[in-house]
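Colleague: Whatever this is, show me its structure:
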Amino acid sequence: LPRCGYTPKSRALLRARSVFVVDERTQTVLTEKQADRVMSIASVSKLMTATVALDTRHALDAPLNVTVQDQDFDKFTGSRLSVGSVLSRHDMLHIALMSSENRAAAALSRDYAGGRPGFVAAMNVKARALGMRHTSFVNGTGLSPHNVSTARDLARLVAAASRYPLIRAYSTDRDQWVFPGGPRARLSYHNSNALVRSGDRSIVLQKTGFINEAGHCVVVRMMVHSRPIDIVVLGAPGPHDHIADVIRIRRWLRCSL
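Modeller: Numbers count the residues shown, from 1 in each chain. The predicted structure follows:
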């Protein structure tokens, strides 16, 4: 509504290259901006990694090792989760979703009957099943720029991932200690989403992402006056712009709905 500050001029203030906002219950599109533009999605990919990992129905309390194969050979990023660390699948899933821990996601994608190639194939099969026609995955971390999707497609993933209680819970936890053994007996992880860290309890699912090719990205399911609203923001240029866009959209929604 214009009285809530939603005008063509204010819409132009959104910094992201692609935006999609949909009322989950009615499937009413509330606003969009280049929602069908195919883009790199960075660690937003981990939402699909989590759904496929949970679909395998492996025992989540079973241990999972970090190996040399879980190192990042795309961007050569580091990790506090050293090779040789051992965590439960529960903990791997938790820190992959909450803190975007790449080696945890890589370990989960390796822990599959067909190995990592089979896992990535399952990610793409799941995407097709969800109607994500413009989406493709090549790994489970999102560190490859060839993990691509659209904002409209990702809203379908948010809706699917929201049906998994663990994904909702783990992606919105503020902090978590893990105990990987070895010389680093205890590690503290924090949520990668500033809104969750600040205590915004209206967010019931989220995932952030960043690589240079993707820009700053975030997907959120947010309760607005008891209505689930899915917000997808892709390709924001600055490190705070994706969150600023969500805050601006949240303000429009809370006033308008």
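Colleague: Quick one: residues contacting the spatially most central residue of the chain.
Modeller: In the chain, the C-alpha nearest the mean C-alpha coordinate belongs to residue 207, at 2.8 Å (Cα atoms, centre = their mean). Each residue near residue 207 by Cβ atoms under 8 Å, 6 or more residues apart in numbering is listed here: 43-44, 46-47, 97, 100, 171, 218-219. To be clear about C-beta, it is placed using only N, CA and C from the backbone, and glycine gets the same treatment.
Colleague: can I get those residues in TSV with pLDDT and secondary structure?
Modeller: TSV is the format used below for the contacts of residue 207 (pLDDT from 0 to 100; DSSP: H, G, I helix; E, B strand; the rest coil):
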residue	pLDDT	secondary structure
43	98	helix
44	98	helix
46	98	helix
47	98	helix
97	98	helix
100	98	coil
171	98	helix
218	98	strand
219	98	strand
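Colleague: Torsion angles phi and psi at residue 82?
Modeller: The phi and psi values for residue 82, taken as degrees, to the nearest 10, are phi -70, psi 160.
Colleague: that older thread, and the contacts of residue 207 as TSV, adding distance to residue 196 and neighbour count?
Modeller: Putting these into TSV (distance: Cβ to Cβ, whole Å; neighbours: other Cβ atoms under 10 Å) gives the following:
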residue	distance to residue 196	neighbour count
43	15	27
44	15	27
46	15	31
47	15	27
97	11	30
100	12	25
171	8	32
218	10	25
219	13	27
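Colleague: average pLDDT for stretch 225-232?
Modeller: Summarised as a single mean, pLDDT over stretch 225-232 is 97.
Colleague: residues making contact with it?
Modeller: Where contact means Cβ under 8 Å, 6+ apart, the residues beyond stretch 225-232 that reach it are 18-25, 30, 35, 151-152, 154-155, 158-159, 162, 204, 218-223, 246, 249-250, 253-254, 257.
Colleague: Would you mind writing the PyMOL command to select the buried ones in those residues?
Modeller: This is the PyMOL syntax for the buried subset of the contacts of stretch 225-232, where burial follows 16 or more other Cβ atoms under 10 Å:
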select buried, resi 18+19+20+21+22+23+30+35+151+152+154+155+158+159+162+218+219+220+221+222+246+249+250+253
